[in-house]
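S.K.: 3D model of this:
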Amino acid sequence: MKMKTSLLSLVLPILLAVGTPLSAQSLEYGMKFGAGATAGSIGSQARRGSLSTAIFADWKFGPSSSFFGEFTYQYFLAADHEVTQFGSGYSVNGNLGTLSPATSVDVRQDRLEGYGVNLGYRQKLGSTAWSWHAGLSLNIFKSTQEVTGQLLAVNAIDDAAVGGSANRQRYTEGLNYRPSKTDLKPGAFVGIRTEITRNAFVEFNANFLGYSQINYLPKAYTGQAPATETSSKNKVVTGVSVGFKF
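M.R.: Residues are numbered from 1 along each chain as shown. Predicted coordinates:
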C-alpha cells in the first residue's frame, strides 16, 4: 500500500491553508479532518472506513447564513479479497477447461482516493450553536486495482499435450497487474455543524459520491486477450469531522 503517498495527500491541504491570506472580514478560513464509513454496500473496497481532510472558506452575507467552498482529499480503506471465478475457464492455449480451488486463485485490492471541490450553503438554527448545510461537489477519484495470483484451466487437451498433470503449471496464467482509472464525477452532501468554541467545531455529514471502478479481465475468464473494463459506481459515506478556523 502506498501509504506515503496517501499521507502526503492528507498533509497537502494543511500546507496550502497556512499560506492562505485572510483578505476580508466577511471571510473565514480554516481546515478540518474527518473519518467516515460507507453506508449500505461496501463495494469492491471490501472495507467501510475512509479518511478525509479539507481546507475551507466561508463567506458570511448575513448574521446567520453563509456560502462556503472546500478543497477536499478523501482516502478509502481497502482490503484484499478473492474474486476467483471457479468453473469453466480458458487455458493460455485458448482451450476450454475447469478453474478449481486446487489450481487457481485471484486476489484483488481495489483502492480509491481523490480530490474534490465542495460548494454549499450554511444556515444557523436559531440562536443555538448548531447549523445545517448542503451543497454540490465535483470530485476526481482514482481507482486502482492490485491483481495477484494465478489461474490454470485444467483440460484433457492441454494435459495430453504436455504429458500429464505433472506439467500443468506450463499453462498457468500469472496475475501481477496494477491498472488504474481516474475520472471526474459530480456529487452532493448534507450535514450539520455545532460550534465547540469560537474557532473550533464538529460536523456530521452524509456525502453522495460517484466514481469509475476499474476491473482486470484475465484471459482465463474470457478466452480473449487480457483487458480492463470500467463501470460507474456510487457511494453514500457518513462521517464526522473536527474543524478549526484561523
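S.K.: Every contact and neighbour count from this point should use C-alpha atoms.
M.R.: OK.
S.K.: my guess is A37 meets N207, correct?
M.R.: No: at 10.3 Å, A37 does not count as touching N207 under the criterion of Cα atoms under 8 Å.
S.K.: between those two, what contacts are shared?
M.R.: Common neighbours of A37 and N207, using Cα atoms under 8 Å, 6 or more residues apart in numbering, are 237-238.
S.K.: Confirm that Y221 sits in a helix.
M.R.: Yes: per DSSP: H, G, I helix; E, B strand; the rest coil, Y221 lies within a helix segment.
S.K.: What is the burial count for it?
M.R.: By the criterion of other Cα atoms under 10 Å, Y221 has 19 neighbours.
S.K.: excluding its backbone neighbours, what's nearest it?
M.R.: What sits nearest to Y221 in space, not counting adjacent residues and going by Cα to Cα, 6 or more residues apart in numbering, is G89, at 5.4 Å.
S.K.: give me the number of residues near the one you found?
M.R.: Residues near G89, counting by other Cα under 10 Å: 24.
S.K.: again, but for F208
M.R.: Counted with other Cα under 10 Å, F208 comes out at 16.
S.K.: quick one: low-confidence ranges for this protein?
M.R.: Applying pLDDT under 70 to the chain picks out residues 1-25, 159-170.
S.K.: Okay, strands next: where are they in it?
M.R.: Ranges of strands within the chain are 27-39, 49-60, 65-76, 81-82, 87-90, 96-99, 105-124, 130-151, 173-177, 180-197, 200-217, 227-245, based on DSSP state E.
S.K.: So which residue is smack in the middle of the chain?
M.R.: L112 (2.5 Å; Cα atoms, centre = their mean).
S.K.: residue contacts, the closest residue in space to that residue that isn't next to it in sequence?
M.R.: Nearest residue to L112 in three dimensions, chain neighbours excluded: S143, at 4.8 Å (Cα to Cα, 6+ apart). Contact analysis of S143 by Cα under 8 Å, 6+ apart lists 110-113, 180-182, 211-214.
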